[in-house]
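Enquirer: what follows is a protein structure lacking sequence information:
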């Protein structure tokens, strides 16, 4: 669990418990430490269960809610380690 994912989980649990997951384009997998290009389609999920571990990691159960398309990535605010995006829900 990288620090950015730990921070994202803390923020999600303090809020509406929703996160979005998007895959990195395979040709950019070596750039994971930065902000590599992503696919445009992702999946939103709701953290329905979680267990915080002593070392700062989490065990969690994420239930998929819907697919989405990234409209635009939002600028990173000071101190936020993870990426945010404006998205639009996709019909199934």
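Expert: Structure received. Note that the coordinates shown come from a computational prediction; the quantities given were computed from them, not determined experimentally.
Enquirer: report the buried residues of the helix or strand of the chain with the lowest mean pLDDT.
Expert: Of all the helices and strands that make up the chain, helix 3-14 has the lowest average by mean pLDDT, DSSP states H and E, namely a mean of 94. The neighbour-count criterion (16 or more other Cβ atoms under 10 Å) identifies 6, 8, 9, 12 as the buried residues of helix 3-14. In short, each C-beta sits where N, CA and C put it, glycine included.
Enquirer: list the helices and strands that helix packs on?
Expert: When contacts are defined as 3 or more Cβ pairs under 8 Å, 6 or more residues apart in numbering; DSSP states H and E, helix 3-14 packs onto strand 18-21, strand 41-52, strand 58-73.
Enquirer: now residue 84, nearest residue through space, not along the chain?
Expert: When the adjacent residues along the chain are set aside, residue 84 lies closest to residue 74, with 4.5 Å between them (Cβ to Cβ, 6 or more residues apart in numbering).
Enquirer: okay, the closest residue to residue 52 other than its chain neighbours: pLDDT?
Expert: Once flanking residues are discounted, residue 52 sits nearest to residue 58: 5.8 Å by Cβ to Cβ, 6+ apart. Looking at residue 58, its pLDDT stands at 93.
Enquirer: can I assume residue 29 sits in a strand?
Expert: No. Checked against DSSP: H, G, I helix; E, B strand; the rest coil, residue 29 lies outside a strand; its state is helix.
Enquirer: what's the distance between it and residue 38?
Expert: Going from residue 29 to residue 38 by Cβ to Cβ, to the nearest Å gives 12 Å.
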